[in-house]
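# Give me the fold of what follows.
(4 chains)
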Number of protein chains: 2
Amino acid sequence: MARAGLTTERLARAGAELADEAGFDQVTVSALARRFDVKVASLYSHLRNSHDLKTRIALLALEELADRAADALAGRAGKDALTALANVYRDYAREHPGRYAAAQLRLDPETAVASAGVRHAQMTRAILRGYDLTEPDQTHAVRLLGSVFHGYVTLEMGGGFSHSAPDTQETWSRTMDALDALLRNWPAS
Amino acid sequence: MARAGLTTERLARAGAELADEAGFDQVTVSALARRFDVKVASLYSHLRNSHDLKTRIALLALEELADRAADALAGRAGKDALTALANVYRDYAREHPGRYAAAQLRLDPETAVASAGVRHAQMTRAILRGYDLTEPDQTHAVRLLGSVFHGYVTLEMGGGFSHSAPDTQETWSRTMDALDALLRNWPAS
DNA sequence: TTATTTGCCTAAAGGTATTAGGCAAATGTA
DNA sequence: TACATTTGCCTAATACCTTTAGGCAAATAA
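Numbers count the residues shown, from 1 in each chain, chains lettered A, B, ... in the order given. As a prediction, the model looks like this:
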């Protein structure tokens, strides 16, 4: 029989597409096999197991996201950079909900340090160069920004804001104003 | 044969315990049946299906969380109230990781409006009475606070902060300072 | 005490994950 | 070109988990 040309790479990529179309929790070895019109067992030559597949999708998403962030930050500083980075996360989550969910997967420590997650932290810290924070405060601020970006995007995508009145775009924009004001006026310990 | 005394209520409660012990993703109808030493099919007289079980655990967690929040807010105002509410979420997530994960489950609209999620929004808004914000800004602030609380807790629990140096307790405390400063000094549109 | 409801059981079908072992296609070697 | 080896996908089998249908006995109502 002719071969399907499976590759770990192609499987991860197809898994990411599947995640965006059907949801990350619908990403299954079986579904992926169907997509390639191949028997399930065949995938196990390329993937260790189901978790391995999910991890690869997560790493792929983290890379894409970091690449977009790097692009967006180029040539920007201060509030401009802050907004650009925040928009990268929000837009990515909207365009690729499944991939974004995958990026939230908890990675084991070794995998995590080798992932693009490190770049994300660095880029967030880079934004703070436009503001005047002491070294330890920079770390606190990085964590706070990460919390807001992730928290906001998650809640908005999950419909957490959908009931109340003012549209979320307005809130998003005011959130950017608020974060900028906060960073310019960071309270001393 | 003697009856086990199953109840939708008891199942949800046991499911919550199971979630905390093994993780919310390990909550399964089969595992729950084992816990009651009963056959799997027996649970289907009390639960519509697996998703129903998860939803009930989510609702239970949202209630517990709202009760704790109400307790914590009683008699407090301003930054004191802000910190108390934030701590409720963080502490609950640490004590009951499975329940907290359950509370993040996306509920369908009808279920959501009937849930304690509404109380959460109200309590967050109550905190803002200690600050001087216009009506639309209150909504923006509620959303921002929700984002920070949820985002921070999720990232911290997920190990997202574990690599870097300053301990997370310090960041948490500085985050409270920052939010208080922000609310006292909310930027005008 | 009898009738009815209700709770848990057996049986069965279908889906996902994973491993073991086989055959044929692709690739390397003489 | 012929042969040997690797590699890729397949069949087969096991083990869960989910869900529905139908049965019998315990609890409850009449």
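# Work out for me the element residue A:186 sits within.
Residue A:186 belongs to no helix or strand when elements are defined using DSSP states H and E.
# Hmm, residue A:136 and it touching each other?
No - in terms of CB atoms under 8 Å, residue A:186 does not count as a neighbour of residue A:136; the distance is 11.4 Å. For the C-beta atoms, the positions are set from N, CA and C on the backbone; glycine is no exception.
# These two: who's more crowded?
residue A:186 (23 against 14; other CB atoms under 10 Å in any protein chain shown).
# Okay, the more buried one and residue A:43: tell me how far apart.
50 Å (CB to CB, to the nearest Å).
# quick one: buried residues of stretch A:48-59?
Under the neighbour-count criterion of 16 or more other CB atoms under 10 Å in any protein chain shown, stretch A:48-59 has A:52, A:53, A:54, A:55, A:56, A:57, A:58, A:59 buried.
# avg pLDDT for that stretch?
For stretch A:48-59, the per-residue pLDDT values average out at 98.
# Pull the CA coordinates from that stretch and hand them back as PDB.
Coordinates of each C-alpha in stretch A:48-59 appear next as PDB, following Å, rounded to 0.1, in the frame of the first residue of the first chain:
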ATOM      1  CA  ARG A  48       5.000   8.500  21.900                       C
ATOM      2  CA  ASN A  49       1.400   8.800  23.100                       C
ATOM      3  CA  SER A  50      -1.500  11.100  23.200                       C
ATOM      4  CA  HIS A  51       0.200  13.500  25.700                       C
ATOM      5  CA  ASP A  52       3.200  13.700  23.400                       C
ATOM      6  CA  LEU A  53       0.900  15.000  20.600                       C
ATOM      7  CA  LYS A  54      -0.600  17.600  22.800                       C
ATOM      8  CA  THR A  55       2.700  18.800  24.000                       C
ATOM      9  CA  ARG A  56       4.000  19.200  20.400                       C
ATOM     10  CA  ILE A  57       0.900  21.300  19.600                       C
ATOM     11  CA  ALA A  58       1.600  23.400  22.700                       C
ATOM     12  CA  LEU A  59       5.200  24.000  21.700                       C
END
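# Do a quick rundown of the helices in chain A.
Taking DSSP state H as the criterion, chain A contains helices spanning A:8-22, A:29-35, A:50-73, A:78-95, A:97-103, A:109-114, A:117-127, A:135-157, A:168-184.
# Indicate which one of the ones you listed is closest to DNA strand D.
When those are compared by CB to the nearest atom of the strand, helix A:29-35 sits nearest DNA strand D, at 7.2 Å.
# So which elements touch the closest one?
When contacts are defined as 3 or more CB pairs under 8 Å, 6 or more residues apart in numbering or on different chains; DSSP states H and E, helix A:29-35 packs onto helix A:8-22, helix A:50-73.
# Can you tell me what sits against the least confident helix or strand in chain A by mean pLDDT?
When the helices and strands of chain A are compared on mean pLDDT, DSSP states H and E, helix A:109-114 comes out lowest with a mean of 92. The contact list for helix A:109-114, computed with CB atoms under 8 Å, 6 or more residues apart in numbering or on different chains, reads A:55, A:59, B:159, B:162, B:163.
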